[in-house]
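In: Need coordinates for the below:
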Amino acid sequence: MPDQTQETRAARGRRLLNEIDGAAGEAVIAGLQDIAPDFAELLFEFPFGDIYARDGLSLRDRELATVAALSAMGTAPKQLGVHVHGALNVGVTREEIVEVMMQMAVYAGFPAALNALAVAKEVFTAREGDASD
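Out: Model prediction:
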């Protein structure tokens, strides 16, 4: 795990959220400020400040796992969209995202995979012209 003494959980979480999700992640946090600012802090601290900061997996691998989990859940299209953007931001290819979503059809069913692919298509279309993908 990275040196925890140099950076607070919240600061580390904000840094990683920005690195992974950029503006999409910031929009999620901003949307919580008027209703649940404490929950917004928890989103910085636990998932990003603690879990994403661990050494066991790369950010790329963590985002690919997150895309797979959200695809299989089938109940979180907004969060899936944020994490498809995040996966692309940390080096996952469009083809890898599609393949992991197709893999989820085996374990979560075709409806979950179809819904996930629809989210991916929306994200890919929104990012058209972005040479980083």
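
In: domain assignment for this protein?
Out: Listed by automatic domain parsing, the domain ranges of the chain are 1-56, 57-128.

In: Tell me how far the first one lies from the chain's centre.
Out: Right, domain 1-56. 12 Å (Cα atoms, centre = their mean, to the nearest Å).

In: At the geometric centre of this structure, which residue do we find?
Out: H83 (2.6 Å; Cα atoms, centre = their mean).

In: got a list of what it touches?
Out: 21, 63, 66-67, 70 (Cβ atoms under 8 Å, 6 or more residues apart in numbering). All C-beta atoms are positioned from the backbone trio N, CA, C, and that covers glycine.

In: Quick check on G56: phi, psi?
Out: Backbone torsions of G56, given as degrees, to the nearest 10, read phi -60, psi -30.

In: again, but for L57
Out: phi -140, psi 150.

In: pLDDT score assigned to it?
Out: Looking at L57, its pLDDT stands at 97.

In: Then the one 10 residues further on?
Out: Turning to V67, the model gives it a pLDDT of 98.

In: element containing it, please.
Out: helix 59-73 (DSSP states H and E).

In: Strands of the protein, start to end?
Out: Per DSSP state E, the chain carries no strands over any range.

In: coming back round to it: turn the contacts of H83 into TSV, columns for distance to V98 and neighbour count.
Out: Formatted as TSV, those follow (distance: Cβ to Cβ, whole Å; neighbours: other Cβ atoms under 10 Å):
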residue	distance to V98	neighbour count
D21	20	22
E63	15	25
T66	16	20
V67	10	25
L70	14	24
